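[1] Fold the following.
(one chain, ligands or ions: 2)
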Amino acid sequence: MKIEEVQSTTKTQRIATHSHIKGLGLAEDGTAEQVASGLVGQEKAREACGVTVDLIKSKKMAGRALLMAGAPGTGKTALALAVAQELGTKVPFCPMVGSEVYSSEVKKTEILMENCRRAIGIRIKETKEVYEGEVTELTPEERPDPTGGYGKKVTAVVIGLKTTKGTKTLKLAPQIYESLQKEKVTVGDVIYIEANSGAARRVGRSDSFATEFDLEADEYVPVPKGDVHKKKEVVQDVTLHDLDQANAKPQGGQDLQSLMGSFLKPRKTEITEKLRLEINKVVNRYIDQGIAELIPGVLFIDEVHMLDIECFTYLNRALESTLSPIIIFATNRGICTIRGTDIVAPHGIPVDLLDRLVIIRTMPYSVDEIIQVVNIRAQTEALTLEEDALVLLGEIGANTSLRYVVQLLTPASILAKTNGREAIMREDIEEIDSLFFDAKSSAKLLAEQADKYIS
Ligand SMILES: Nc1ncnc2c1ncn2[C@@H]1O[C@H](COP(=O)(O)OP(=O)(O)OP(=O)(O)O)[C@@H](O)[C@H]1O
Ligand SMILES: [Mg+2]
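    Ligands and ions are numbered 1, 2, ... in the order given. This is a model prediction of the structure:
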């Protein structure tokens with residue numbers, strides 16, 4: 001059987017609904033460019049999002065909330081994702097959909113709490129005593145297993161570390177050998193070992209071992225300067241949820257029980273309220289001492305009208321706690337009932353919560369803007385469109401929705417291919433539009449033929 005020459009048919013990159021969006025597309029002075037970073041129009045909302053990003057970055061917005069409101073397909077989810085892109089990887093962004101809270105296993109407020117904590121980052125800066133250098137030697141010292149059998153037991157590990165200043169040979173405990181193996185350390189790697197915990201970290205492959213070929217997916221780092229044994233500032237970015245989880249794990253020794261446990265399915269341990277309070281206390285202490293820095297991130301709750309009154313009450317409280325993220329809500333509902341009650345409220349959100357929000361509105365798109373979005377989408381999906389097909393899509397979009405026309409693109413391209421063409425022509429769009437219904441015309445049909453359906 002031949003394997004090497006079979007090419008995988010999976011696409012290198014999956015194209016999702018929002019993959020054309022790369023950021024908010026704002027100029028230096030914060031004004032929105034008409035078309036930039038994959039976004040078209042919607043200037044006011046984009047500028048407002050830009051201000052929000054600045055506020056989040058300067059940490060002036062913790063514990064506040066924002067609502068994106070607008071008709072379906074006007075880009076609320078797209079804008080929230082653009083905000084996430086602008087914030088970068090250092091600020092946590094936790095997206096969720098309102099209906100995610102309805103699980104039969106976990107309480108609604110528990111899910112909200114967990115996601116809130118996923119959205120709060122902590123940057124921990126520690127000066128640690130470390131041994132750092134390029135590994136020149138790595139030899140385990142073994143002796144036959146005292147409990148019998150053919151196995152060998154590692155009793156110590158001898159490791160040589162080289163820096164620009166000199167080389168040092170250390171004899172370390174067997175646990176460190178394990179942690180070196182976990183990090184897959186070999187001779188020629190640059191590593192550091194924390195003196196008091198014994199944890200080993202692989203920084204990368206040493207420069208001097210770099211090959212002339214770039215195929216090796218390894219990061220090459222220079223040989224460390226200074227002494228082997230030194231103090232080093234280590235920065236770690238974690239979220240509160242990471243801390244919860246790390247501390248909820250049963251702390252097992254190396255006994256048989258935990259060995260068995262590692263083969264079995266990892267037991268889902270509960271994160272209790274008590275544990276969270278404990279973590280908060282420690283984190284607050286670290287912040288006071290200047291070891292840790294709080295980085296409030298964003299919790300994005302899409303389709304917020306799916307939440308019910310219990311969740312809203314919880315969020316009200318959560319927004320007031322000291323460790324609170326920035327919450328961005330999005331909804332396309334107008335005036336409707338709040339889930340779990342028969343109170344009618346704007347956007348299906350209780351008035352007292354609404355009162356705490358600033359609202360960003362997204363407006364319907366003009367024909368030109370729709371055409372521009374479709375054009376960008378066609379480029380991302382690598383489709384070619386004839387000029388008059390684009391114009392027709394714009395017209396259809398103005399009567400239906402942006403999302404509908406964006407969705408017509410791929411089927412139309414399939415139709416064009418079946419007819420032996422590369423480019424999508426006006427007639428492909430016409431035919432596809434006649435084959436599929438958009439939400440509005442389907443609803444109209446239902447209303448007209450109501451007597452034929454069961455209701
Ligand atoms: N201004 C824009 N520029 C470029 N693409 C956009 C823009 N607005 C929306 N889109 C794209 O149009 C599609 C629909 O937008 P999106 O899903 O953000 O709408 P929405 O407001 O979240 O709608 P809903 O209320 O139904 O959730 C997506 O593919 C999105 O990427
Ligand atoms: Mg949406």
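
[2] what number of residues lie near whichever residue of the stretch 51-200 of the chain sits closest to ligand 1?
    Residue nearest to ligand 1 within the stretch 51-200 of the chain (C-beta to the nearest ligand atom): residue 75, separated by 2.6 Å. (Each C-beta comes from the backbone N, C-alpha and C, glycine too.) By the other C-beta atoms under 10 Å criterion, the neighbourhood of residue 75 contains 26 residues.

[3] residues contacting it?
    39, 42, 45, 362, 402 (C-beta atoms under 8 Å, 6 or more residues apart in numbering).

[4] In this structure the fourth one contacts residue 70, no?
    What that stands for is residue 362. Yes: using C-beta atoms under 8 Å, residue 362 makes contact with residue 70 at a distance of 3.2 Å.

[5] Might you report the residue contacts of residue 176?
    For residue 176, the contacting residues are 157, 193, 198, 200, taking C-beta under 8 Å, 6+ apart as the criterion.

[6] Which of those fall in strands?
    157, 193, 200 (DSSP state E).

[7] What residues sit buried inside stretch 135-143?
    135, 138, 140 (16 or more other C-beta atoms under 10 Å).

[8] Likewise for stretch 172-180?
    Buried residues in stretch 172-180, counted by 16+ other C-beta under 10 Å: 172, 176, 177, 179, 180.

[9] Report the two of those separated the most.
    Distance extremes for the buried residues of stretch 172-180: the farthest pair is 172 and 179 at 9.9 Å, using C-beta to C-beta.

[10] Pull up the overlap in contacts between these two.
    Shared between the contact lists of residue 172 and residue 179 (criterion: C-beta under 8 Å, 6+ apart) are residues residue 198.

[11] Phi and psi next, for residue 204.
    phi 170, psi -170 (degrees, to the nearest 10).

[12] Wait, it touches residue 220, no?
    Yes: look at residue 204 against residue 220 with C-beta under 8 Å: they come within range, at 6.1 Å.

[13] Would you mind naming what in the stretch 1-150 of the chain lies close to ligand 1?
    17-18, 21, 38-42, 70, 72-78 (C-beta under 6 Å from any ligand atom).

[14] Go through the residues you listed and flag which are in strands.
    Of the positions in those, 39, 40, 70 sit in strands, assigned by DSSP E.

[15] would you list those residues in TSV and tack on neighbour count, pLDDT and distance to residue 27?
    Putting those into TSV (neighbours: other C-beta atoms under 10 Å; pLDDT from 0 to 100; distance: C-beta to C-beta, whole Å) gives the following:
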residue	neighbour count	pLDDT	distance to residue 27
39	28	90	13
40	25	91	15
70	20	91	23
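
[16] Export the residues you listed to CSV and append columns for distance to residue 338.
    Listed next are those as CSV, based on distance: C-beta to C-beta, whole Å:
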residue, distance to residue 338
39, 32
40, 34
70, 20
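
[17] can you tell me how far the most far-flung residue of the chain relative to its centre sits from residue 394?
    Ranked by distance from the centre of the chain (C-alpha atoms, centre = their mean), the top residue is residue 148, with 49.4 Å. Note on residue 148: its distance to residue 394, by C-beta to C-beta, to the nearest Å, is 80 Å.

[18] biggest strand in the protein, by residue count?
    Criterion DSSP E: the longest strand present in the chain is strand 120-144.
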